[in-house]
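Enquirer: below is the structure, and that's it, no one-letter string:
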């Protein structure tokens, strides 16, 4: 399949992607990810291996789009955990060492 990543044209084949990622240890996933074989890789790591370009040269969206068209399962970045907002009384109690919520 022909795709464009970072303004360069690439011919990607699913079997070649599998072969390229074979033996490469996945980095910790902090953003968008893709499942290749039984491993979950960050999309940017896969893009760097496939294109041999610096990660700053392409976006995660470009690589995700290409890998999805090849039939790989891609996942978006994990959602951030909600932050508890304390009112002024709870903040003062926390600063004094008391439990924030009673």
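Expert: Received, thanks. Model, not experiment: these values are computed from the prediction. Numbering: from 1, shown residues only.
Enquirer: show me where the chain has its helices.
Expert: Counting by DSSP state H, the chain has helices at residues 14-21, 43-51, 60-70, 88-95.
Enquirer: where does the chain have low pLDDT?
Expert: For the chain, the stretches with pLDDT under 70 are 100-102.
Enquirer: give me the most central residue, it.
Expert: Centroid-nearest residue in the chain, with Cα atoms, centre = their mean: residue 32, separated by 2.4 Å.
Enquirer: look up how far residue 12 lies from that one.
Expert: Residue 32 is 17 Å from residue 12, where distance means Cβ to Cβ, to the nearest Å. C-beta coordinates here come from the backbone N, C-alpha and C atoms, glycine included.
Enquirer: what do you get for residue 1?
Expert: Separation of residue 1 from residue 12 (Cβ to Cβ): 5 Å.
Enquirer: now the common contact residues for the two.
Expert: Listed as contacting both residue 1 and residue 12 by Cβ atoms under 8 Å, 6 or more residues apart in numbering are 66, 70.
Enquirer: what's the span of stretch 28-35 from first residue to last?
Expert: Taking Cα to Cα, to the nearest Å as the measure, stretch 28-35 stretches 13 Å from start to finish.
Enquirer: picking that back up, so residue 1 and residue 12 - more neighbours on which side?
Expert: Applying other Cβ atoms under 10 Å to residue 1 and residue 12 shows that residue 12 carries more neighbours, namely 17 against 11.
Enquirer: my guess is the more buried one contacts residue 66, does it?
Expert: Yes: the criterion here is Cβ atoms under 8 Å, and residue 12 meets it with residue 66 at 6.1 Å.
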